[in-house]
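1. Curious how this folds, go ahead:
(2 chains, ligands or ions: 1)
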Amino acid sequence: MSSADLRDLYQQVIMDHNKKPRNFHEMDDANHFAHGNNPLCGDALVVYVKLTDGIIEDLSFQGSGCAISVASASLMTEALKGKTIEQAEHLYQQVHAQMTGEEFDANALGKLEVLSGVKEFPARVKCATLSWHTMHTAMDSDHDVSVTTE
Amino acid sequence: MGALDLTAIRNDFPILHQEVHGQPLVYLDNAASSQKPNLVIDAISDYYRQDNANVHRGVHRLSQRATDAYEAARGKVRGFVNAKSDKEIIFVRGATEAINLVAQSFVRPMLSVGDEILISHMEHHANIVPWQMLCEQTGAKLKVIPMTLTGELDLSGFDTLLTERTKIMAIGHVSNALGTVNPVKDMIAKAHAKNIPVLLDGAQAVPHMAVDVQDLDCDFYVFSGHKMFAPTGIGAMYGKQALLEDMAPWQGGGDMILSVSFEHTQYNELPYKFEAGTPHISGAIGLGAAIDYMNMIGVDKIAQHEHNLLVAATEKVTALDGVRIIGTAQNKASVLSFMIDGVHPHDVGTIFDQQGVAIRTGHHCAQPVMQFFGIPATARASFAFYNTMEEVDALVLGIKKVQELFA
Ligand SMILES: Cc1ncc(COP(=O)(O)O)c(C=O)c1O
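-> I've put the predicted structure just below:
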């Protein structure tokens, strides 16, 4: 039923991360960053990464968006801090798979499983994946780049 | 003036009778695109079942019937906007194509570096980007009439914005993001006093009010069929005959010529000069049927009923805590744009959808309006004559539901 789906989408954890996003600030000493835009709904954020010897030493974001995109970004920053590039890449794949209905590794996801409600809302998948795409792009580049999803 | 028979009207729109997520559909996204009555759907399918052929090209019977129906539709559009002659009505894909046509065929040849094009802050991207492209092509400058916090045009400096370098003023009749009905008749008179031609973007006006291009005295008036109960892919452009006569064609091809040789091509007369290639025949016929339908209901009655809906919705939404209406002009049509404190419009849209209520969320192709109000997007409900007071209540309930979830 629809209300149940809505509650799955807007779980407590999501609402909490939307209201009080973690690691929500610019980062002066970031060595990787990228802009993410979803022109359809006006979500716009910047993801900052400080990579040291292949490890994500620090990760933050800034911007504005809907509850799903802000919460997803906030959860991402928590989940990826201290991870290696390879681990981050693996999680990125799992998050994506979870939301698009492909097979994924539930153990690896941990808390990120709260994002699974999104898969019932195809129009919102892009909101949830925006920060992840942006992070992915930031890691691949040492200058400012832009990602656009629509 | 009697009220509308909404039960009968809604029965003319088959799409309205369905459930979405287990709830009856409440369609409040009419400014994006409207629904189609049986009369329109049947006109299109009858055309394909009985009359389909190319127009203006055959002596055979079907071609004649297709041509007659297509030209009859042109006559209906002429009557609908009260143009003087069928020659002043050009069928186009929609408002967007018409604005590009005027930009390239009418304005471009007149422009030199430093000339000015005047638009307003509340235009749809379709009435911004073609002019920006033209500025890039010619070195002309885009000037913008500012806007007030209520979402009305700020005309305090209007006289100084109309200069001897202004080559066209292109203004929305009704704003799609805010619902503001602009005082276009006065503005046209002022522009004409300085010999500045005026294009009106009527995309959001024609579904809601009677339009009289002779009374307005605009030089061009453009609109899309799909926002006024006709199919997508068809729209119309009105242009004053004298101006159209002097304009070069916009696209070349069949139908727009009288004779072609490799040395010389002689263009066809109006309106065919601007209709290169096989047109959207069934679309034009559908547009004609939509006009018949609106006339049957009565455009004044439509305006009155929608006004009642908008007033009721505005009162009820204003009474709610934590909701802000964006666009509070004195004179509005159809549109209620709003923000719910602490909730992004995109989340609002999803929660509404789950209740069967279709609204639009986003920047409504009017990003400068969003920038003006310092917001990324709004949620927008927009009414058509088939909407009911119960649907206004569904809108209010939807807002309460969002507030509950985000409490
Ligand atoms: C005010 C206004 N102008 C122009 C357009 C463009 O219409 P179309 O996309 O049908 O060409 C729209 C459509 O949203 C509109 O609302």
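
2. Mind giving me the packing neighbours of the lowest-mean-pLDDT helix or strand in chain A?
-> Sorting the helices and strands of chain A by mean pLDDT, DSSP states H and E puts strand A:145-148 at the bottom, at a mean of 74. When contacts are defined as 3 or more CB pairs under 8 Å, 6 or more residues apart in numbering or on different chains; DSSP states H and E, strand A:145-148 packs onto strand A:32-38, helix A:125-139. To be clear about C-beta, it is placed using only N, CA and C from the backbone, and glycine gets the same treatment.

3. now the ones you listed as a markdown table including mean neighbour count and distance to B:L162?
-> Listed next are those as a markdown table, based on neighbours: other CB atoms under 10 Å in any protein chain shown; distance: least, CB to CB, whole Å:
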| stretch | mean neighbour count | distance to B:L162 |
| --- | --- | --- |
| strand A:32-38 | 23 | 37 |
| helix A:125-139 | 24 | 44 |
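
4. Could you export those as a markdown table, including mean pLDDT and distance to B:R108?
-> Listed next are the helices and strands packed on strand A:145-148 as a markdown table, based on pLDDT from 0 to 100; distance: least, CB to CB, whole Å:
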| stretch | mean pLDDT | distance to B:R108 |
| --- | --- | --- |
| strand A:32-38 | 91 | 32 |
| helix A:125-139 | 92 | 38 |
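
5. Nearest to the ligand, out of the ones you listed?
-> Nearest of the helices and strands packed on strand A:145-148 to the ligand, taken as CB to the nearest ligand atom: strand A:32-38 at 19.4 Å.

6. strands paired with that closest one, and their directions?
-> Looking at strand A:32-38 with DSSP bridges, its partner strands are strand A:43-52 (antiparallel), strand A:145-148 (parallel).

7. Now the element after the first one, going C-ward?
-> Next in sequence after strand A:43-52, counting helices and strands by DSSP states H and E, comes strand A:55-64.

8. then that following strand to CSV, C-alphas only?
-> Extracted in CSV, the C-alpha atoms of strand A:55-64 (Å, rounded to 0.1, in the frame of the first residue of the first chain):
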residue,chain,number,x,y,z
ILE,A,55,42.5,6.2,1.6
ILE,A,56,39.6,8.5,2.0
GLU,A,57,40.9,10.5,4.9
ASP,A,58,38.0,13.0,4.8
LEU,A,59,34.8,13.4,2.9
SER,A,60,32.2,16.2,3.0
PHE,A,61,29.5,17.8,0.9
GLN,A,62,27.6,21.1,0.4
GLY,A,63,24.5,22.1,-1.5
SER,A,64,20.8,21.8,-1.6
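
9. Residues contacting it, please?
-> Strand A:55-64 is contacted from outside by A:21, A:23-27, A:29-30, A:36, A:42-51, A:70, A:73-74, A:76-77, A:80-85, A:88, A:131, A:134-135, B:344, B:376, using CB atoms under 8 Å, 6 or more residues apart in numbering or on different chains.

10. Only alpha carbons, please: show whichever helix or strand comes after that strand as PDB.
-> Next helix or strand after strand A:55-64 toward the C-terminus (DSSP H and E): helix A:67-80. Output of helix A:67-80 as PDB, limited to C-alpha atoms (Å, rounded to 0.1, in the frame of the first residue of the first chain):
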ATOM      1  CA  ALA A  67      15.400  14.900   1.500                       C
ATOM      2  CA  ILE A  68      16.500  11.800  -0.400                       C
ATOM      3  CA  SER A  69      19.500  13.400  -2.100                       C
ATOM      4  CA  VAL A  70      20.700  15.200   1.100                       C
ATOM      5  CA  ALA A  71      20.200  12.100   3.300                       C
ATOM      6  CA  SER A  72      22.000   9.900   0.800                       C
ATOM      7  CA  ALA A  73      24.900  12.300   0.600                       C
ATOM      8  CA  SER A  74      25.100  12.500   4.300                       C
ATOM      9  CA  LEU A  75      25.000   8.800   4.800                       C
ATOM     10  CA  MET A  76      27.600   8.400   2.100                       C
ATOM     11  CA  THR A  77      30.100  10.700   3.900                       C
ATOM     12  CA  GLU A  78      29.700   8.600   7.000                       C
ATOM     13  CA  ALA A  79      30.000   5.300   5.300                       C
ATOM     14  CA  LEU A  80      33.100   6.200   3.200                       C
END
